[in-house]
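Novice: model the structure of this input:
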Amino acid sequence: MDKHTSLSFDYTYVDRTRSSTGHSTMRTSVSMMSAGDDRGSSIVLMHMSEVPVQQQQLPTTHRPMETGERMSWWTRRGGASSSHLSTCGIVRVGFDSLLLVALAIGFFFASYYTKNRALPFIFVVLAAFTTFEYTWLAYRVRLRIYLPFKLHQKQTCRDIYGQIMNYSVDLQTCVVTPWAERFCRGYKRMVAAAIALVVSGAAFAIAWFCVPQEQDRHLVIAYTTLSVFLGVFCSGLSPNLRDAVVLLFRYAYYVVCTADLLLSARLSAESSAALEPFSLLLLSASLILIGRAVTSKDPMESVVMVLLDFAGLVYLACLGNVISYLSVLSGVSMDPDGQQVSPLHRSVVFALFFIIWSAEVGSFLMEKLLHWIQFPWAHPLAPRLSSSQNLEKLVGALIFGVGASLIVSYAIAPAKHYDDGEESGVLPVPSYLLVIASVIATVCGHIAKLWLVSLKKVARVEATSKYLRVGDGVLDRVDSLLLMTIFFAVFVRQALIVRAPNVA
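Specialist: Predicted structure coming up:
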């Protein structure tokens, strides 16, 4: 009898964090050949599929992509298979679409008609969801990179089996899972919300007694309470305690930087800039580095997570700094009479976000149009990363971005002409320069998308999250926001320097 034995096992698990969407179902097969001693082993790890289980069980008649049948808009797509939505599903898609449009319209009207007072609350909600989604995305990337590294080390079969089981369990648990299973029958969101309510209540009490009696006192208290609630809630749903602490550092930095949106209404530009976002960035990076170095059990794991943490910190930090800078532009812009222009940032932020997200809508509509007409000649920007980011979608984004810039120039923020020929307005630049800036910013934004696409490809997920039947996660929607916002901020600042040479 040959002493060589063969051990193979196949397991399937569902990631509960995304089970409601039908995604992230993994089937992993590991086969090992052991020769007497358990230490001499050869391991092969194969990720066989990541499509929903219900799609794997569909009959052939429900796979129009394989038979050449044209897929309708009411067809749910997933990989090589699809299934027709029921009547309730179609109604749900329509309702979610209307809700998504209503949220976008509400964002614009809230920022415009509340004179920018609603922007801090909108930004802090978007930042919370973005930070939470990036935390889980980075965690998945770490598992994808770190698990094969551990499996190829010399270990016993028992150790390998335990690590693979831990891999499946890790994607189903979070910080509050032990308390949820003990007290709330596994309802993790309920436990996280309860803890967040307690902590935010304490923050509300502290802010109530510490914030001085001024005109915007209620806004500062509300902003502080909402920020604390979202930070604690998202950290409670983080993969583990270490990632929760990093999430809090990253989110706290963003909250402090964008607090200028509230302070700029009462303080001068010099006082508002005293927060020194760059110093806070260095402090946050140092705390994250120390935390990872102390808590990580393996150098490989520590290096991977530090790189991912710094990437996320720079992304949100730069975005927070840019928005904070735009919020205090009114303190350095002057009209030809030497008087300060009426709050510039109130319309600048609205106008720039209108251009940015108009380009996003154009890219989305172009993708749907090409899919509807079955356009066969797509030209991917990076074929090895993603075939969905193509030149055709970029053209659609450019069309809508240029159109939005013209609307901003002539309808939303028209320039004011003075007797001496000078111009001043919300965006004190000629229309053709704003169009050129929109084109360059749109191209940079689509290039920035490829970074997030590469992370999702490593993590083997199609979207960072799924809240509605239409659209993806918040991070998927703001992935191009970073470079576009930074470019527009530099562009507007240079325009202001040209208009007012004494501005540093």
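
Novice: next one: Phe488 relative to Ile436, how far apart?
Specialist: Going from Phe488 to Ile436 by CB to CB, to the nearest Å gives 12 Å. From N, CA and C alone the C-beta is placed, and that goes for glycine too.

Novice: between the two, point out the one with more neighbours.
Specialist: More neighbours surround Phe488 than the other of Phe488 and Ile436, with 25 against 15 (other CB atoms under 10 Å).

Novice: mind listing the strands for this structure?
Specialist: 4-14, 25-35, 37-49, 75-78, 81-84, 380-382, 386-390, 416-417, 423-424 (DSSP state E).

Novice: quick one: residues contacting Val474.
Specialist: By CB atoms under 8 Å, 6 or more residues apart in numbering, Val474 lies in contact with 126, 129-130, 133, 464-465.

Novice: oh, that last question was meant for His379, not what I typed.
Specialist: Contacts of His379 were listed using CB under 8 Å, 6+ apart, and they are 390-392.

Novice: most neighbours of all these, which one?
Specialist: Most neighbours among these, by other CB under 10 Å: Asn390, with 22 neighbours.

Novice: now that residue: how far from Ser409?
Specialist: Noted for Asn390: a distance of 29 Å to Ser409, by CB to CB.

Novice: and for Ala207?
Specialist: In terms of CB to CB, Ala207 sits 41 Å off from Ser409.

Novice: more crowded one of these two?
Specialist: Higher neighbour count among Ala207 and Ser409: Ser409, with 22 against 17, using other CB under 10 Å.

Novice: my guess is that one contacts Tyr432. True?
Specialist: No - using CB atoms under 8 Å, Ser409 makes no contact with Tyr432, being 9.1 Å away.

Novice: so where is the stretch 101-250 of the chain shaky, pLDDT-wise?
Specialist: 111-112, 115-116, 150-170, 214-216 (pLDDT under 70).

Novice: how about a cut-off of 80?
Specialist: Scanning the stretch 101-250 of the chain with the threshold set as pLDDT under 80 gives 101, 104, 107-120, 146-172, 212-217.

Novice: the stretch 251-400 of the chain now?
Specialist: Scanning the stretch 251-400 of the chain for pLDDT under 80 picks out 257-281, 295-301, 315-353, 375, 378, 381-389.

Novice: which residue ranges of it form helices?
Specialist: Assigned by DSSP state H, counting those that start in this stretch, the helices in the stretch 251-400 of the chain fall at 260-263, 269-272, 277-295, 299-327, 344-372, 391-407.

Novice: pick the most deeply packed of those.
Specialist: helix 260-263 (a mean of 24; mean count of other CB atoms under 10 Å).

Novice: ok, the nearest residue to Phe229 once chain neighbours are set aside - how many residues close by?
Specialist: Distances taken as CB to CB, 6 or more residues apart in numbering put Ser200 closest to Phe229, at 3.7 Å, once the chain neighbours are dropped. Ser200 has 20 neighbours, counted by other CB under 10 Å.

Novice: Ser200 and Phe132: what is the separation?
Specialist: According to CB to CB, Ser200 and Phe132 sit 16 Å apart.

Novice: same question, Leu381
Specialist: 28 Å.

Novice: mind listing what the nearest residue to Asp472 once chain neighbours are set aside touches?
Specialist: For Asp472, ignoring the flanking residues on the chain, the nearest one in space by CB to CB, 6+ apart is Ala463 at 3.6 Å. Listed by CB under 8 Å, 6+ apart, the contact partners of Ala463 are 23, 456, 472-473, 476.

Novice: domains in this structure, by residue range?
Specialist: Per automatic domain parsing, the structural domains of the chain span 116-147+157-331, 344-499.

Novice: as JSON lines, those with distance to Phe108 would be great.
Specialist: Below are those laid out as JSON lines (distance: least, CB to CB, whole Å):
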{"stretch": "domain 116-147+157-331", "distance to Phe108": "10"}
{"stretch": "domain 344-499", "distance to Phe108": "7"}
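
Novice: those: which one's closest to Val101?
Specialist: Of all the domains of the chain, domain 344-499 sits nearest to Val101, with 9.7 Å by CB to CB.

Novice: and the angle for the longest helix belonging to the chain with helix 344-372?
Specialist: In the chain, taking DSSP state H as the definition, the longest helix is helix 119-151. Counting by axes from the mean of the first three to the mean of the last three CA atoms, to 10 degrees, helix 119-151 lies at 50 degrees to helix 344-372.

Novice: list the buried residues in helix 119-151.
Specialist: 119-121, 123-124, 126-147, 150-151 (16 or more other CB atoms under 10 Å).

Novice: is Val220 in contact with Gln213, as I believe?
Specialist: No - under the criterion of CB under 8 Å, Val220 is not in contact with Gln213, lying 11.3 Å apart.

Novice: the more surrounded of the two?
Specialist: With neighbours defined as other CB under 10 Å, Val220 and Gln213 compare such that Val220 has more, 19 against 5.

Novice: distance of the more buried one relative to Ser284?
Specialist: Taking CB to CB, one finds Val220 at 22 Å from Ser284.

Novice: do the same with Leu450
Specialist: Taken as CB to CB, the span from Leu450 to Ser284 is 26 Å.

Novice: okay, the closest residue to Gly291 other than its chain neighbours and Val395: tell me how far apart.
Specialist: When the adjacent residues along the chain are set aside, Gly291 lies closest to Val245, with 5.8 Å between them (CB to CB, 6+ apart). Taking CB to CB as the measure, Val245 falls 44 Å from Val395.

Novice: so how far is Ile221 from Gln213?
Specialist: For Gln213, the distance to Ile221 equals 11 Å [CB to CB].

Novice: who are the contact partners of Glu360?
Specialist: 397, 477, 480.

Novice: closest one of those residues to Ala193?
Specialist: Nearest to Ala193 out of those is Arg477 (CB to CB; 23.8 Å).

Novice: still on that earlier bit, which one of the contacts of Glu360 is nearest Met190?
Specialist: Looking across those and measuring by CB to CB, the closest to Met190 is Arg477, at 26.7 Å.

Novice: what's around that closest one, how many residues?
Specialist: The number of residues packed near Arg477 is 19, by other CB under 10 Å.

Novice: which ones are touching the residue nearest to Leu398 when sequence neighbours are not counted?
Specialist: Counting by CB to CB, 6+ apart, Leu398 lies nearest to Thr442, which is 5.4 Å off, once chain neighbours are set aside. Contacts here follow CB under 8 Å, 6+ apart; on that basis Thr442 touches 359, 394, 397-398, 401, 484.

Novice: now tabulate those residues in a markdown table and tack on distance to Gly291.
Specialist: Conversion of those to a markdown table gives the following (distance: CB to CB, whole Å):
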| residue | distance to Gly291 |
| --- | --- |
| Ala359 | 37 |
| Leu394 | 39 |
| Ala397 | 38 |
| Leu398 | 42 |
| Gly401 | 40 |
| Met484 | 31 |
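
Novice: if you count neighbours, what's buried in stretch 462-478?
Specialist: Of all the residues in stretch 462-478, those buried under the rule 16+ other CB under 10 Å are 462-467, 469-478.

Novice: between those residues, which is nearest Cys88?
Specialist: Checking the buried residues of stretch 462-478 against Cys88 by CB to CB gives Arg469 as the nearest, at 11.0 Å.
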